[in-house]
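Peer 1: this one's sequence-less:
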C-alpha cells in the first residue's frame, strides 16, 4: 500500500506554523506541478473546475491519536478521527479547490493551506 | 510514503461489479472494524456524526490515466483527475457517511459503496 506522488505543491506558504487551519480561513492560491508520467490524467480539466486535491501531509506526526482540537488546550481532548488534525496515522490532506488556471503540467488552484513542497497524491472531480 | 490501514470495511457488497458508482446511488450501510492500536482515535465520535471515510480501493488498476466516465463508451475519454474513477495512480476512496451506531471498535456507517474487505485509511470530521 505504497503511494506514488502524482505531483508537488508550490506555494508561497513555507512553514506549517504559518498555515491557516482550513482552506477557507485565509488560505491562498498555489501551483500544483504534475509529474510528466501523469500528464494524460489531466485531460478535460479546465479553469473554473471544482476539484478535490489529496495531499500527503509530510510533516505530520503519525503517532498522534488524540488532540486538543485546533491546538487549543481549552478544547476537550478528541480522537483524531473526530477532527481535521493533520497529525493522524495516515496524514492524507483533503482540499476542495477551484482551478484558477492551467498551463501544461501546472495548475493554479485555491484556496489551499498546505505548505510548499507538499506531495500531491490525487485530484478528483468535486461532484 | 507508506499507508498503514486503521481498519477494514465489512459489507454485504462482495464484488466490485455489483457496487453502485457513488455512495448516494443505492449504496448501503456497512461496518468499519477499527484496529485495536487505533482505538484512542475514536474518542468523541457518536451516532449521527457526519464523517469522511478514506479507503484504499485495493482492486483498482493504478496504471489507468484515462477513462470513459461511468464506464460508458459514449462518454468522451477523460483524464482520471477529472473524474471519480476508482482506477487511478493512488486509488484513495472518499466516502461522506453518517455514523449510524458505534459498538466498541466497530462503527456502522452509510451510505458506502466500497466492497467487503476494503482497507480503511482514515476517518475525518466532515465540516
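Peer 2: Alright, I've got the coordinates. This structure is a prediction, so every number in the text was calculated from the model and none was measured.

Peer 1: which residues touch residue A:9?
Peer 2: A:30, A:31, A:32, A:55, A:112, A:114, A:115, A:116, A:117, A:118, A:119, A:120 (C-beta atoms under 8 Å, 6 or more residues apart in numbering or on different chains). Where C-beta positions appear, they are placed from N, C-alpha and C, glycine not excepted.

Peer 1: On the three-state scheme, the spatially closest residue to the fourth one that is not a sequence neighbour is what?
Peer 2: The reference is to residue A:55. Spatial nearest neighbour of residue A:55, excluding adjacent residues (C-beta to C-beta, 6 or more residues apart in numbering or on different chains): residue A:93 at 3.8 Å. Following DSSP: H, G, I helix; E, B strand; the rest coil, residue A:93 is assigned to strand.

Peer 1: Please verify my assumption that residue A:93 contacts residue A:56.
Peer 2: Yes. Between residue A:93 and residue A:56 there is a contact under C-beta atoms under 8 Å: 7.3 Å.

Peer 1: When you filter the contacts of residue A:9 down to buried only, what's left?
Peer 2: When the contacts of residue A:9 are checked for burial by 16 or more other C-beta atoms under 10 Å in any protein chain shown, the buried set is A:30, A:31, A:32, A:55, A:112, A:114, A:115, A:118, A:119, A:120.

Peer 1: To what extent is residue A:14 buried, counted in neighbours?
Peer 2: Neighbours of residue A:14 under the rule other C-beta atoms under 10 Å in any protein chain shown: 10.

Peer 1: I'd guess it is in a helix, am I close?
Peer 2: No. Read with three-state DSSP, residue A:14 is coil and lies in no helix.
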